[in-house]
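Chemist: Sequence and predicted structure below; questions after.
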Amino acid sequence: MADIEAMFHQVVVTQEHRDALRFLWWNNEHMSKPPATYRMKVHLFGGVWSPSCAAFALQRTFQDHGKYLHEEIQKEVPQSEKAVGEKEILLGDKLPTVRALGILWDLKEDELAVQVRIPKKPETKLGLLSMISSIYDPLGFLDPSVIRAKMIFQEDDTSQRAYGVVSYLRMTNAEGAHQISFVCGKAKLAPLKQQTIPRLELCAASGPEWNGSLEEQQMDSRAGPAFLSLDEGQWPRNDLKIQNLTDEDPEVKKETTVLATNVSQGQDILEKLWNRYSSWYRLLKGVAWIKRFLQWLVGKKDGTCHQGNRLLAREVEEARLVVLKCLREKHFSQEIKTLKGTQRVRHGEMSRLETHLGMDGLIRVGGHLTDQKTPILLPREDRLTELIVQEIHATKTGHSGREYTLAALHENYWIPKCRRLLDRVLRTCLEGVHRNDAP
């Protein structure tokens, strides 16, 4: 076994790809002068592509020069750079057992083993837990034994206390001979809530290929169950016939009856529609297509139906006004009546705002200026309002911070006390979180 020093820097980047690795550098730390532009000739530490490129270069080198690679490495590597304790082994010598990543490797038998030294601990649950934790077994060789010690911490039915899974690699050569190798194993305690055997087997099925509930089985830990060495036609088959389950069986899902009453028969169809969308722009496109379809139904009779498979900007803007008017009727119906009577709203949050009805029928804030310069009033607690804020934050401000998003929002909309809503939108924006966390 060996390690490659500075592995990424040992792999050269092709000439046509080096422009992607440009960087600026001030020579002699003179920051007052213009920086020089350099290009990396080798792969970077921290580059997401570097591991795969280095692994490919290593494999390709072995494919092209593997026949003589071992001898060349032995000649090129100086003795001072070799691992401590390295020694030459002649063909007639007895191969030793070495340690690799905490696992013992028997070179003669080509087998892996785990050495366990049980420390002296008090005969308590805490002492037992300390002994279990001191066993280093990353491949799961000892799981069938260690799991029995873990069972002491639970009291349950013997056949339902734990479940395990083990995976073997089965290779077949050209002559049809099979070789079985242990890959890894895993054992877990069953949940405290009693589970059925089929459900425990389903839990184990989420692991490697061969699995089952933990039982007493006599098998070679290296070769696995004996049937794996046979042809697949000779493997044992489960001829168990599934009987009809009764309602008392714990695996039968109980039916749940839900009774619902529609308390709002006159709910607007558009409100049902926008609950199906997670984007403000997609919602507007959906409404625009519905309006296009309705116009087509009307125009089909007199031959004036619209042709084309693309929406016009005018149609999307008309859809926006339709949705905003629906939102206005849902939250500000009483305020609309007051403003139509040329009176000022004297209650609620609108009493502190200078509001008026715009030419489009929407409530606007900021005096009797043109509709293009006065923002539209929106309710704070509504899903549509949140969709609008998400759209402005993503497309208009490029996932910027709260104050920039608030300024962009006030160009077209006004939401009373909207900072809490903005904070919620920014917290749920994954793109914005990643950008803020970047160095």
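Modeler: Nice, thanks for sending it over.
Chemist: pLDDT-wise, which helix or strand of this protein ranks last?
Modeler: The least trusted helix or strand in the chain, going by mean pLDDT, DSSP states H and E, turns out to be strand 211-213, with a mean of 40.
Chemist: hang on, P236 is in a strand, isn't it?
Modeler: No. Checked against DSSP: H, G, I helix; E, B strand; the rest coil, P236 lies outside a strand; its state is coil.
Chemist: Distance of it relative to A20?
Modeler: Remark: distance between P236 and A20 (CB to CB, to the nearest Å) = 56 Å. The way it works is simple: take the backbone N, C-alpha and C, and place the C-beta from them, glycine included.
Chemist: Then V365?
Modeler: Taking CB to CB, one finds V365 at 49 Å from A20.
Chemist: Those two: which has the busier surroundings?
Modeler: A direct count of neighbours by other CB atoms under 10 Å for V365 and A20 places V365 higher, at 19 against 10.
Chemist: Contacts only, for the more buried one.
Modeler: Counting by CB atoms under 8 Å, 6 or more residues apart in numbering, V365 touches L353, E354, T355, T374, P375, I376, L377, W414.
Chemist: Please repeat the previous calculation with a cut-off of 10 Å.
Modeler: Residues in contact with V365 (CB atoms under 10 Å, 6 or more residues apart in numbering) are 350, 353-356, 374-378, 410, 413-416.
Chemist: Strands of the stretch 51-200 of the chain, start to end?
Modeler: For the stretch 51-200 of the chain, strands defined by DSSP state E, counting those that start in this stretch occupy the ranges 97-100, 103-106, 111-113, 162-172, 178-189.
Chemist: Name the strands paired with the first one and say parallel or antiparallel.
Modeler: What it means is strand 97-100. strand 103-106 (antiparallel) (DSSP bridges).
Chemist: any idea of the mean pLDDT for the partner strand?
Modeler: On average, the pLDDT along strand 103-106 is 80.
Chemist: buried ones in it?
Modeler: Within strand 103-106, the residues that count as buried by 16 or more other CB atoms under 10 Å are I103, W105.
Chemist: burial measure for H30, as a count.
Modeler: 9.
Chemist: Find out how far stretch 398-405 is from the centre of the chain, if you would.
Modeler: 25 Å (CA atoms, centre = their mean, to the nearest Å).
Chemist: and what of stretch 40-54?
Modeler: On CA atoms, centre = their mean, the centre of stretch 40-54 falls 24 Å from that of its chain.
Chemist: repeat for stretch 312-332
Modeler: Remark: stretch 312-332 is offset 36 Å from the chain centroid, using CA atoms, centre = their mean.
Chemist: Return the set of buried residues in it.
Modeler: Buried residues in stretch 312-332, counting neighbours by 16+ other CB under 10 Å, are found at E315, A319, R320, V322, V323, L324, C326, L327, R328, H331, F332.
Chemist: Same list (those residues) but as CSV, adding distance to L104 and secondary structure.
Modeler: Shown next, in CSV, are these (distance: CB to CB, whole Å; DSSP: H, G, I helix; E, B strand; the rest coil):
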residue, distance to L104, secondary structure
E315, 73, helix
A319, 71, helix
R320, 71, helix
V322, 74, helix
V323, 70, helix
L324, 72, helix
C326, 73, helix
L327, 70, helix
R328, 76, helix
H331, 72, helix
F332, 76, coil
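Chemist: Please dump those into JSON lines; it should also carry pLDDT and distance to L422 for every row.
Modeler: Output for these, formatted as JSON lines (pLDDT from 0 to 100; distance: CB to CB, whole Å):
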{"residue": "E315", "pLDDT": "89", "distance to L422": "30"}
{"residue": "A319", "pLDDT": "89", "distance to L422": "25"}
{"residue": "R320", "pLDDT": "90", "distance to L422": "21"}
{"residue": "V322", "pLDDT": "88", "distance to L422": "26"}
{"residue": "V323", "pLDDT": "88", "distance to L422": "21"}
{"residue": "L324", "pLDDT": "89", "distance to L422": "20"}
{"residue": "C326", "pLDDT": "86", "distance to L422": "23"}
{"residue": "L327", "pLDDT": "86", "distance to L422": "18"}
{"residue": "R328", "pLDDT": "85", "distance to L422": "22"}
{"residue": "H331", "pLDDT": "84", "distance to L422": "19"}
{"residue": "F332", "pLDDT": "83", "distance to L422": "21"}
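Chemist: and which of the residues you listed is nearest L387?
Modeler: Checking the buried residues of stretch 312-332 against L387 by CB to CB gives V323 as the nearest, at 9.8 Å.
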